[in-house]
Structure formats: C-alpha cells, structure tokens
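Chemist: just the structure for this:
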Amino acid sequence: MATEKQTRGSAPPGGGGDAARDTAFVAMHGDPRFVELKRRLFVFVFPMSLAFLAWYLLYVLMSAFARDLMGAVLFGTVNVALVFGVLQFVSTFGIAVLYTLYARRRLDGLATELREELPAVTEEEDR
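Modeler: Take a look at the predicted model:
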C-alpha cells in the first residue's frame with residue numbers, strides 16, 4: 001500500500017482544499033485562547049511525562065544496579081522488584097485518571113468553544 005507525503009502548499013489530510021476553511025484553521029493558531037489551550041496542555045503533560053520517565057528509569061536502573069535491594073523479600077514470595085513493577089501499572093492508570101480529570105476541568109470547555117468557531121467539516125471530508 002503506497003502512502004502519499006504531504007507537500008508544502010497541498011491540502012491538509014482529508015481536506016478538499018477549501019481555502020476559507022484552511023485560512024480559519026491557520027488563523028486559529030494565533031488566537032490567544034488557542035495559545036492558552038496549548039499552554040494548559042503543556043502545563044500538565046510536560047511535568048507528568050518527566051515524572052513518569054524518571055520513575056520508570058529509577059525502576060530500570062535499580063533492576064540493573066541494585067539487585068540486592070530489588071531482590072529483598074517483603075513478604076512471602078513478593079519482593080521489592082515485583083512491587084515496583086506493579087506500581088508502574090498503577091502509576092500509568094493513575095496518570096490517565098488525573099489527565100481525564102484535568103482535561104475535563106481545564107481543557108474541554110475551551111477546546112469545544114474554539115472548535116465550534118471553526119468552519120464545519122463534513123463527514124465526507126473526514127473520510
């Protein structure tokens with residue numbers, strides 16, 4: 001299956017090249033509300049990504065260089081490494097829940113307001 005690369009000046013994916021619509025999309029990027037929306041997204045995503053990456057790297061580095069600590073038995077057959085591994089999954093789901101709450105409170109209203117101001121995109125153009 002061949003894919004087409006988008007070139008400069010070509011219509012956006014799924015678009016029929018409607019100049020007025022394209023101009024509206026480009027103009028939206030300069031709208032202070034859109035800039036604020038991007039800032040709000042960045043305020044959550046960047047620190048959370050760094051925190052999760054640090055947490056993951058701690059797990060990997062401790063597994064490689066602190067084998068005795070990671071192999072320490074906490075109870076029964078459960079050791080520190082197993083607890084760290086399970087906490088990786090817990091933290092992933094926790095971040096997803098936190099993002100959902102954050103998006104509902106800080107992003108969705110503004111995104112909906114901006115989307116409603118853009119020209120309508122028909123179902124045929126979406127395909």
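
Chemist: C-alpha from now on. contacts and neighbour counts both.
Modeler: Will do.

Chemist: can you confirm Leu74 is in a strand?
Modeler: Yes - per DSSP: H, G, I helix; E, B strand; the rest coil, Leu74 lies within a strand segment.

Chemist: confidence score at the residue lying closest to it once chain neighbours are set aside?
Modeler: Once flanking residues are discounted, Leu74 sits nearest to Val80: 6.6 Å by CA to CA, 6 or more residues apart in numbering. In this prediction, Val80 carries a pLDDT score of 95.

Chemist: so where's the chain shaky on pLDDT?
Modeler: 1-17, 120-127 (pLDDT under 70).

Chemist: what about the strands in this structure?
Modeler: 73-75, 78-79 (DSSP state E).

Chemist: quick one: buried residues of the longest one?
Modeler: Burial within strand 73-75, assessed by neighbour count using 16 or more other CA atoms under 10 Å, is assigned to no residue.

Chemist: residue nearest the centroid of the chain?
Modeler: Val45 (6.5 Å; CA atoms, centre = their mean).

Chemist: OK, contacts around that one?
Modeler: Not one residue lies near Val45 by CA atoms under 8 Å, 6 or more residues apart in numbering.

Chemist: and it, how close does it get to Val35?
Modeler: 15 Å (CA to CA, to the nearest Å).

Chemist: what do you get for Ala72?
Modeler: 49 Å.

Chemist: what of Glu116?
Modeler: Going from Glu116 to Val35 by CA to CA gives 16 Å.

Chemist: compare these two (neighbour count), which wins?
Modeler: Val35 (13 against 9; other CA atoms under 10 Å).

Chemist: grab the longest helix from this structure for me.
Modeler: Ranked by number of residues, the top helix in the chain under DSSP state H is helix 32-65.

Chemist: what residues of it count as buried?
Modeler: For helix 32-65, by 16+ other CA under 10 Å, it's 34, 37, 41, 56, 59, 62-63.

Chemist: so how far is that helix off the chain centroid?
Modeler: Helix 32-65 sits 10 Å away from the centroid of its parent chain (CA atoms, centre = their mean, to the nearest Å).
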